[in-house]
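S.K.: Provided below for reference: sequence and predicted model.
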2 protein chains.
Amino acid sequence: MELQGKMLIGQQAVQGSRQAIRAINPSTNEHLEPAYPGGTEEDVAKACELAWGAFDSYRETTLEARAQFLETVADEIEALGDTLIARAVLESGLPQQRIQGERGRTCNQLRLFARTVRNGEWLDVRIDPALPDRQPMPRADLRQRHIALGPVAVFGASNFPLAFSVAGGDTASALAAGCPVIVKAHSAHPGTSELVGRAIQSAVDRCGLPEGVFSLVFDSGLDVGQALVAHPCIKAAGFTGSRSGGLALNRIAQSRPEPIPFYAEMSSINPVFALPAALESRGEKMGEEFVASLNMGAGQFCTNPGLVIAIKGQGLDSFVRAASRAVSDSAAQTMLTPGIHQAYNEGVQTLVSDNGAQELAHGREGADPNQCQTNLFVTSASHFLEEQTLQEEVFGATSLIVECQDEAELHRVAECLEGQLTATLQMDEADTGMAQSLLPVLERRAGRLLVNGWPTGVEVCDAMVHGGPFPATSDSRTTSVGTAAIFRFLRPVCYQNLPGALLPEALRDNNPLSLKRLVNGERES
Amino acid sequence: MELQGKMLIGQQAVQGSRQAIRAINPSTNEHLEPAYPGGTEEDVAKACELAWGAFDSYRETTLEARAQFLETVADEIEALGDTLIARAVLESGLPQQRIQGERGRTCNQLRLFARTVRNGEWLDVRIDPALPDRQPMPRADLRQRHIALGPVAVFGASNFPLAFSVAGGDTASALAAGCPVIVKAHSAHPGTSELVGRAIQSAVDRCGLPEGVFSLVFDSGLDVGQALVAHPCIKAAGFTGSRSGGLALNRIAQSRPEPIPFYAEMSSINPVFALPAALESRGEKMGEEFVASLNMGAGQFCTNPGLVIAIKGQGLDSFVRAASRAVSDSAAQTMLTPGIHQAYNEGVQTLVSDNGAQELAHGREGADPNQCQTNLFVTSASHFLEEQTLQEEVFGATSLIVECQDEAELHRVAECLEGQLTATLQMDEADTGMAQSLLPVLERRAGRLLVNGWPTGVEVCDAMVHGGPFPATSDSRTTSVGTAAIFRFLRPVCYQNLPGALLPEALRDNNPLSLKRLVNGERES
């Protein structure tokens, strides 16, 4: 399949007319063909109007038709075969095996949402039948279901060119909810975006859906993304990226004449609490495992363990020795883009020049462009508590160990943490009491709590929460990974005394969708 | 029970030190004793810190304990007896029967949330057990539940001194979710607020809960409310009131260092589409019913029918004649406060001075203070489509009829409407086609759709949606009435590989709460 360098607006391929983005192979700094000229506000408006035109029809597709569409998208992505893998590897610098795994995850995610759509629980049907004889007032017939919010803008992320991009989690959950999607491609991987976008375009066509269900736009700057979030036809947006980018777009979303939900996943340093008994019994092994997690994907994971918090002692000393050794042995890794590489180096420099933090170790130097060295620093809890900037995410394989004098100080550090995607306890049974006292604090601060694991690696399943209090995300009431993400793009509507002919299928007396509905306060079985 | 004129901060009664609010009997313009001096920022901070201190303990009360607490609040409110009724009548000018009904609704609402809490579905438990042998990667044990967001600020509304005030819907749903609540009393009914606040205070004590679970603060101005929304311990807020007030507080909520969910129910004119066959067959009766709905509570309902949209013809003529007659016969009614009465008269004057709208009828003049006359206006669809200000809510018993030339114009009017709490179809069977084509438009614009009813009267039940797209509310993903409101104050948390001793009860293998959990994608029965 020949890449065309064009945007996909409905079923058209549209040549942009503004400054082009050109992907860079980060392993070589070579520019990749073709160029992707950026879109205009008119292109955005065209995509939005198509999406709006498709909305009423798409949101009322049957559960089966919508599920089949999601499965067809997965099939079409798989049908791209090695072309997709090769391009994503070129554009991201990520290893082929990782990209293959990510493709599997992306397609599984689409199929999991197909299952979720078919199941229909997300409709949250509630029926309170009329009580005409109730005293002192009769009750009307009241029925509730969820409907889609409207067309959704999705911003592709740099670090998962498949799983958090054109057909990633936000797109899958929005399409599952019945929302048309317009994706603003990430400039780091336009070719990958075009390939996946054409797979979705093809699925829209094969499933006989209105073309406005999906569009893909490009821009070398900020205008297209900002116009998208500001467009009156867009009713929600999903974003994964930097804190500054997320906050800027959120401001646009909130200052519209009609504000919209804006789901930004922004920054998290994913604290790991290494508790005393665990450090004592397996500090060395823990140090090695920690660095393996830190190095995954060159540390370019939202769930990268950027902070280790522990009480001083021999166990922590073993941990620090083993971790420092593993960091020193860490090979340099190619980062996703020259810009990310530069920002990483600047972030590391900020830590190097912090008088209250000491460098423990750094990894091997790279010979190729855009390679990062793993870095490990240590600081005292008292310094960490004073210096808010130490909580700023450095996107990449760097981490900071915070040494506490005692349990009370460890609690103070826990209480001062900003909102996080994850918080981890490394513990042995003898640490249970300390873990119990930390859990309520960590529940208030993170979307996912782990015991004796490492935060990298986010399972796509029903129980996952990839979210958390601000600034981890802009909205802690939701998740961007897992089937519960469908609720981000829905709202409840109540129908009072509608005749059967006007009632949506899900709400009819004969329950044609065989849903387990809440009727008169009782769940149907 | 002697009113003390004091704020309730935890279990203390605290004398305010700033300018006092003094309730006015709107029927006489007399000031009522006692004065309620306003609180300071320090009072707010004290209440917030108590709430924060109570949060971890209160959110982990057992389902049974929390349900009993809600029921105890209801019992304590009922135990206030006629004292409460008399004071609420004095402060609101509303008839005694209405206040008695509202008390019943308020207590039923608390008991309905008790049932919801006990049931536990709101925990939305999802369990994906470990798959250690899965290829290519094992799956960890992942379990999800919902937890409370944190302390919630609730703003009492003027128009429901019981049901949308100190122990109203927002308080009930937040307490049900496990959130401590701090209420900012509405200045129109401080005595009613004190009585209900003391009922909650007493329930907190009887149930042995930490005192920070509830506080009540007063202010004659805006400072206390603003300080409350800005306080870092407050994690969400609920508001029912004017669009300007809601938007101002929402700006504070969104510009905090840590933005918080802000649920404002603000303005709605609740369009009624009177379709041709229905007008033809029962235009006169419909006109009378419409005015009965318009006059309920002196029109001071969020769901008051402020707009009637219909196609010109004899049916509409009958409707207009009957409605005009009923309006002319309407007795003057006392409004809630002198300020609301003045704002109503100004809103009516704006319509009177609009050259594109004509007055059809007005009700009888009142002899007593603060009495409003019912008003009815008519305009053309073409003028309505041009003049956005005609969509502004006039809080009170005034309504505007929009005459359309044909069905196409009626659709254009429907498409131009702002977000609404409700939209109503008055229809006969012969109108079914037109109703079907309007339904998708109205679903996009309103939280509740009614057929052949009137929007006033909001049932408290599982299926109710009292919400809708902006500007009806600031967040269409939710409802402020009905049991689904509990989700406003919750967020999901995922637990990965937690040993049994650390797992919350709801997530344990032996399912001690007997919940119907989603396990491996299947709902337990």
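M.R.: In hand now; what should we look at?
S.K.: what ranges do the strands span in the stretch 51-200 of chain A?
M.R.: A:126-128, A:142-148, A:152-155, A:181-184 (DSSP state E, counting those that start in this stretch).
S.K.: So which of those is nearest B:Ala361?
M.R.: strand A:142-148 (32.9 Å; CB to CB). C-beta: built from backbone N, CA, C; applies to glycine.
S.K.: Give me the sheet partners of the closest one and which way each runs.
M.R.: Take DSSP bridges as the rule and strand A:142-148 pairs in its sheet with strand A:126-128 (antiparallel), strand A:490-496 (antiparallel).
S.K.: which neighbours does the next helix or strand after the longest one have in its sheet, and in what orientation?
M.R.: Following the chain from strand A:490-496 toward its C-terminal end, the next helix or strand by DSSP states H and E is strand A:518-519. Strand A:518-519 has its sheet partners listed here by DSSP bridges as strand A:126-128 (parallel), strand A:522-523 (antiparallel).
S.K.: Now tell me what touches the shortest one from outside.
M.R.: This means strand A:522-523. With CB atoms under 8 Å, 6 or more residues apart in numbering or on different chains as the test, strand A:522-523 has contacts from A:516-517, B:121, B:516.
S.K.: Would you mind measuring from A:Leu400 to chain B?
M.R.: Going from A:Leu400 to chain B by CB to the nearest CB, to the nearest Å gives 22 Å.
S.K.: how many other residues sit next to the closest residue to that residue other than its chain neighbours?
M.R.: Nearest residue to A:Leu400, sequence neighbours excluded (CB to CB, 6 or more residues apart in numbering or on different chains): A:Phe377, at 4.8 Å. As a burial measure, A:Phe377 scores 22 neighbours (other CB atoms under 10 Å in any protein chain shown).
S.K.: A:Phe377: what secondary structure?
M.R.: With DSSP: H, G, I helix; E, B strand; the rest coil as the basis, A:Phe377 sits in strand.
S.K.: got the contact list for it?
M.R.: Contacts for A:Phe377 were tallied using CB under 8 Å, 6+ apart; they are A:351, A:357-360, A:398-401.
S.K.: repeat that with 10 Å
M.R.: A:348, A:351-352, A:354, A:356-362, A:390, A:394, A:398-402 (CB atoms under 10 Å, 6 or more residues apart in numbering or on different chains).
S.K.: same question, A:Arg59
M.R.: Per CB under 10 Å, 6+ apart, neighbours of A:Arg59: A:66, A:147-150, A:177-180, A:490, B:440, B:443-444.
S.K.: closest to B:Pro455 among these?
M.R.: Distance to B:Pro455 across these (CB to CB) is lowest for B:Glu443, with 15.4 Å.
S.K.: tally of neighbours for the closest one?
M.R.: Residues lying near B:Glu443 (other CB under 10 Å) number 21.
S.K.: In a helix, it, correct?
M.R.: Yes. Counting by three-state DSSP, B:Glu443 is found in a helix.
S.K.: What distance do you get for it to B:Leu351?
M.R.: Going from B:Glu443 to B:Leu351 by CB to CB, to the nearest Å gives 29 Å.
S.K.: likewise A:Ala35?
M.R.: As judged by CB to CB, A:Ala35 and B:Leu351 stand 58 Å apart.
S.K.: Neighbour count: the two, which is higher?
M.R.: B:Leu351 (21 against 17).
S.K.: List the contacts of the more buried one.
M.R.: Contacts of B:Leu351 by CB under 10 Å, 6+ apart are B:357-359, B:375-377, B:379, B:389-390, B:392, B:394, B:398-400.
S.K.: Three-state assignment for it, please.
M.R.: Three-state assignment for B:Leu351 (three-state DSSP): helix.
S.K.: can you check A:Ala13 too?
M.R.: strand.
S.K.: if we can go back for a sec, what is the nearest of the contacts of A:Arg59 to B:Val196?
M.R.: Ranked by distance to B:Val196 (CB to CB), the contacts of A:Arg59 are led by A:Leu490 at 34.1 Å.
S.K.: Next, count neighbours for the spatially closest residue to the closest one that is not a sequence neighbour.
M.R.: Spatially, and ignoring its direct neighbours in sequence, A:Leu490 is nearest to A:His146 (4.0 Å; CB to CB, 6+ apart). Residues near A:His146, counting by other CB under 10 Å, number 22.
S.K.: State the distance from A:Ser173 to chain B.
M.R.: Counting by CB to the nearest CB, the gap from A:Ser173 to chain B is 14 Å.
S.K.: Surely A:Phe470 touches B:Arg256?
M.R.: Yes. At 9.0 Å, A:Phe470 counts as touching B:Arg256 under the criterion of CB atoms under 10 Å.
S.K.: These two - which one has more neighbours?
M.R.: With neighbours defined as other CB under 10 Å, A:Phe470 and B:Arg256 compare such that A:Phe470 has more, 20 against 15.
S.K.: Report pLDDT for that one.
M.R.: Per-residue confidence (pLDDT) for A:Phe470: 98.
S.K.: who's in contact with it?
M.R.: Counting by CB under 10 Å, 6+ apart, A:Phe470 touches A:243, A:247, A:264, A:266-267, A:418-419, A:476, B:256-260.
S.K.: Single out whichever of the residues you listed has the smallest pLDDT.
M.R.: In terms of pLDDT, A:Ser267 ranks lowest among the contacts of A:Phe470, with 91.
S.K.: Is that one in contact with A:Gly347, as I believe?
M.R.: No. At 11.6 Å, A:Ser267 does not count as touching A:Gly347 under the criterion of CB under 10 Å.
S.K.: Identify the contacts common to those two.
M.R.: Common contact partners of A:Ser267 and A:Gly347 (CB under 10 Å, 6+ apart): A:392-395.
S.K.: Switch the residues you listed over to TSV, and while doing so, append secondary structure, pLDDT and neighbour count to every line.
M.R.: Formatted as TSV, the shared contacts of A:Ser267 and A:Gly347 follow (DSSP: H, G, I helix; E, B strand; the rest coil; pLDDT from 0 to 100; neighbours: other CB atoms under 10 Å in any protein chain shown):
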residue	secondary structure	pLDDT	neighbour count
A:Glu392	coil	95	15
A:Glu393	coil	95	21
A:Val394	coil	96	24
A:Phe395	coil	96	23
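S.K.: mind listing what's buried in stretch A:52-71?
M.R.: Within stretch A:52-71, the residues that count as buried by 16 or more other CB atoms under 10 Å in any protein chain shown are A:52-56, A:58-61, A:63, A:66-71.
S.K.: same check, this time on stretch A:330-338
M.R.: Within stretch A:330-338, the residues scored as buried using 16+ other CB under 10 Å are A:330, A:332-337.
S.K.: before we move on, what about stretch A:314-333?
M.R.: Neighbour-count burial for stretch A:314-333 flags A:315-316, A:318-320, A:322-324, A:326-328, A:330, A:332-333 (criterion: 16+ other CB under 10 Å).
S.K.: Could I get the residues you listed in TSV, plus columns for distance to chain B and pLDDT?
M.R.: What follows is the buried residues of stretch A:314-333, written out as TSV (distance: CB to the nearest CB, whole Å; pLDDT from 0 to 100):
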residue	distance to chain B	pLDDT
A:Gly315	20	98
A:Leu316	22	98
A:Ser318	23	98
A:Phe319	20	98
A:Val320	25	98
A:Ala322	22	98
A:Ala323	21	98
A:Ser324	27	98
A:Ala326	21	98
A:Val327	24	98
A:Ser328	28	98
A:Ser330	22	98
A:Ala332	25	97
A:Gln333	20	97
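S.K.: Okay, domains of chain A per the record?
M.R.: A:7-266+A:476-488, A:271-451 (automatic domain parsing).
S.K.: quick one, which of these is packed in tightest?
M.R.: Sort those by mean neighbour count, taking mean count of other CB atoms under 10 Å in any protein chain shown, and domain A:7-266+A:476-488 sits at the top with a mean of 22.
S.K.: From the opening residue of that domain to its closing one, how far?
M.R.: End-to-end distance for domain A:7-266+A:476-488: 27 Å, by CA to CA, to the nearest Å.
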